[in-house]
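A.B. asks: Pasted the sequence and its predicted model underneath.
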Amino acid sequence: MSDEPTFASALVDDPPQPMIGCRGVSKTFPGAGRDFVALDGVDLDIAPDEFITVLGPSGCGKSTLLNLIAGFDLPTAGTVSVAGGPVTGPSPDKGVVFQDFALFPWLTVRKNIAYGLREKRLPKAEIRRIVDDMLDTVGLERVADHYPHQLSGGMKQRVSIARVLAIDPRILLLDEPFGALDEQRRSGLQDELLRIWEQRRKTAVFVTHSVEEAIVLGDRVVVMAAGPGRITAVVDVDLARPRDRTSDEFNALRREVTAHLWS
Amino acid sequence: MRATDAAGPAARTASGGSPEATAEAATPRRTGPRLRIRPQYLAVPVLLVVLWELAVVSGLIDARSVPAPHTVARTWWTWAAGGPDAAADPYSGTWLPSVYASTQRVLFGFALSAVAGTAVGLLIGWSRWARMLLQPVIDILRPIPTTAWVPFAVVFFGIQPTASIFLIALGCFPPIVLNATAGARGTPDVLVSAARMLGTSPQRTLWRVGLPSALPSLLTGLRVGLALAWVLVIVSEMVAVKSGLGFSLWDAYYFGRMDVIVVAMLTVGLLGYLSDKLLNLAARPVLKWAPDVR
């Protein structure tokens, strides 16, 4: 978006700076008796406007990695940086879409979407314009004045996405956002997310445990393994979007990624 | 509507729940109970009153210890509206001033407790420091029955309405504080994370997330507190004040006016019921979002 300060591009030198950089990132949670190593020495660079999917079994630290990038937690060792600066805490330039939606149940759809804009103290008219635009983008005009408990899971997740897009963050972090939805809604929302992403072009990190979802969405698929959590492979997805989930190329990638997952 | 126990964790709703709650967007649900009196609900109460009347009129129960319903109705009328035998009955026409005095004390005491209890409870629920400093004080004082404070209140405030207000405020405080604490502590962490991510500063998360999230639990505490306030206004007026419904009730006991006592009891019951309904009505606009708080 145009009115954002563009200090990332101002710092550009020859090798373009990654939007998200992880260097030797480790995270250990103190436990009874033995500490739990959630992440062990993760290195990952994500370019501006890149769509990365992070795939792995539960316990591989993929959500931990996302929390570190979001600033909800700090690494035990190593550094996480976004747009060249170290991550010190959550902020509106790092938008997060949670698996369980995390909508404010006491606010209507409209006010949930407006929440971040009100915290920014934008003028009322401006907030209204952006919220209407977002409602249109995710197709929820009809339920604008409903409360979250009156919505289906798919609708809730669309509100959650709209709420984050409204504050126009630099990066978009999605933690198994469609995990609670059935297959049909899931692929519908995947298409919708891609459509929005292609319009607005953001750096996106999408955590999932579905091989198909990882390949449908990502420019690259980061495969992780558990015990301790680490990256085992990064697979490029050189398929044009929209991707045909049943094509030979797609299936070849599915085999490759699955092989990494099980190795 | 039932008053949940003070310590009981209040019903809470986070966004989450069943993923496919309503496929199509549901129309907003009917909000709250309407005042609709169905005759079948009155069957048992009417039957009880009839049995009571018959028992007294037939002499099964001594009319001097339990006045008949028709006596009670007549006493209520005289007490409230005055009457031809005004000179004979010292209570004639004094009902409304008594109701006013007691209601005022309940409102003052309850309001004091509501403000203080909500503020302290939210703080304890939100901040480890506040919990460390304040929780022990509350835990030690809470088991002391409010009635045990009566002598202290009288010595401190004298036979004055202030003593009554003090006792009411003291008695309402524990349920309000406990429920406010439970409400704030029960705030889903993910909502705090979401607010921080959307630009809320750490200092304002209590105001932006903790308070609204605690509202259903807060209402439970306020309702329990308000019910206690009516108990305490009667108790305190019996011993520490020379006016109000509790005073009339105790005074009537000395003169053997059981009819006045029954009217006073029914009056307090009615006032308690009405004030609870009013509290719910007042809370409804801010609790529209909570489907299971009604």
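C.D. replies: Structure received. Numbering: from 1, shown residues only, chains lettered A, B, ... in the order given.

A.B. asks: For the chain, just list every one of the helices.
C.D. replies: Looking at chain A here, since you left the chain open. Under the criterion DSSP state H, helices of chain A are mapped to A:7-10, A:62-70, A:109-119, A:124-138, A:153-166, A:183-200, A:211-217, A:248-262.

A.B. asks: my bad, the chain I had in mind was chain B
C.D. replies: B:39-57, B:69-81, B:95-126, B:128-141, B:150-157, B:161-185, B:189-197, B:205, B:211-239, B:245-254, B:258-283.

A.B. asks: tell me the most buried of the ones you listed?
C.D. replies: helix B:161-185 (a mean of 26; mean count of other Cβ atoms under 10 Å in any protein chain shown). Glycine gets a C-beta too; all of them are placed from N, C-alpha and C.

A.B. asks: For the stretch 51-200 of chain B, give me the ranges with low pLDDT.
C.D. replies: B:84-88 (pLDDT under 70).

A.B. asks: which parts of it sit against chain A?
C.D. replies: B:188, B:190-191, B:193-200 (Cβ under 8 Å from any Cβ of the partner chain).

A.B. asks: Most widely separated two among those?
C.D. replies: B:P188 and B:G199 (18.8 Å; Cβ to Cβ).

A.B. asks: Now residue 110: closest residue in space that isn't a chain neighbour?
C.D. replies: Looking at chain A here, since you left the chain open. In space, and not counting its chain neighbours, A:R110 is closest to A:A144: 4.6 Å by Cβ to Cβ, 6 or more residues apart in numbering or on different chains.

A.B. asks: nope, chain B
C.D. replies: B:F110's closest residue in space is B:A229 (Cβ to Cβ, 6+ apart), at 4.6 Å.

A.B. asks: separation between the one you found and chain A?
C.D. replies: 27 Å (Cβ to the nearest Cβ, to the nearest Å).

A.B. asks: For the nearest residue to A:Q99 once chain neighbours are set aside, the count of nearby residues, please.
C.D. replies: Using Cβ to Cβ, 6+ apart and skipping residues adjacent in sequence, the residue nearest A:Q99 is A:E176, 4.5 Å away. The local packing of A:E176 (other Cβ atoms under 10 Å in any protein chain shown) involves 21 other residues.

A.B. asks: Now do the contacts for A:E176.
C.D. replies: Contacts for A:E176 (Cβ atoms under 8 Å, 6 or more residues apart in numbering or on different chains) come out as A:63, A:99, A:207-209.

A.B. asks: change it to 7 Å
C.D. replies: A:99, A:207-209 (Cβ atoms under 7 Å, 6 or more residues apart in numbering or on different chains).

A.B. asks: do A:P177 as well
C.D. replies: A:97, A:99, A:157.

A.B. asks: Of the residues you listed, which is the most crowded?
C.D. replies: A:Q157 (30 neighbours).

A.B. asks: can I assume it is in contact with A:G188?
C.D. replies: No. With contact defined as Cβ atoms under 7 Å, A:Q157 does not count as touching A:G188 (10.8 Å).

A.B. asks: Would you mind writing the CA trace of stretch B:151-168 as PDB?
C.D. replies: C-alpha atoms of stretch B:151-168 as PDB (Å, rounded to 0.1, in the frame of the first residue of the first chain):
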ATOM      1  CA  PRO B 151     -21.200  -3.900  66.800                       C
ATOM      2  CA  PHE B 152     -18.200  -2.400  65.100                       C
ATOM      3  CA  ALA B 153     -20.500  -0.500  62.600                       C
ATOM      4  CA  VAL B 154     -22.700   0.800  65.400                       C
ATOM      5  CA  VAL B 155     -19.700   2.000  67.500                       C
ATOM      6  CA  PHE B 156     -18.100   3.600  64.500                       C
ATOM      7  CA  PHE B 157     -21.100   5.200  62.800                       C
ATOM      8  CA  GLY B 158     -23.700   5.300  65.600                       C
ATOM      9  CA  ILE B 159     -27.400   4.400  65.100                       C
ATOM     10  CA  GLN B 160     -27.400   6.000  61.700                       C
ATOM     11  CA  PRO B 161     -28.100   5.100  58.100                       C
ATOM     12  CA  THR B 162     -24.400   5.200  57.500                       C
ATOM     13  CA  ALA B 163     -24.000   2.100  59.600                       C
ATOM     14  CA  SER B 164     -26.400   0.300  57.400                       C
ATOM     15  CA  ILE B 165     -24.800   1.500  54.200                       C
ATOM     16  CA  PHE B 166     -21.400   0.400  55.500                       C
ATOM     17  CA  LEU B 167     -22.700  -3.100  56.300                       C
ATOM     18  CA  ILE B 168     -24.300  -3.500  52.900                       C
END
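
A.B. asks: if we can go back for a sec, for the contacts of A:E176, which one is nearest chain B?
C.D. replies: Of all the contacts of A:E176, chain B sits closest to A:Q99, with 9.0 Å by Cβ to the nearest Cβ.

A.B. asks: need the contact list for the closest one.
C.D. replies: A:Q99 neighbours (Cβ under 7 Å, 6+ apart): A:175-177, A:179-180.

A.B. asks: Can you list phi and psi of it for me?
C.D. replies: phi -60, psi -40 (degrees, to the nearest 10).

A.B. asks: Cheers, nothing more for now.
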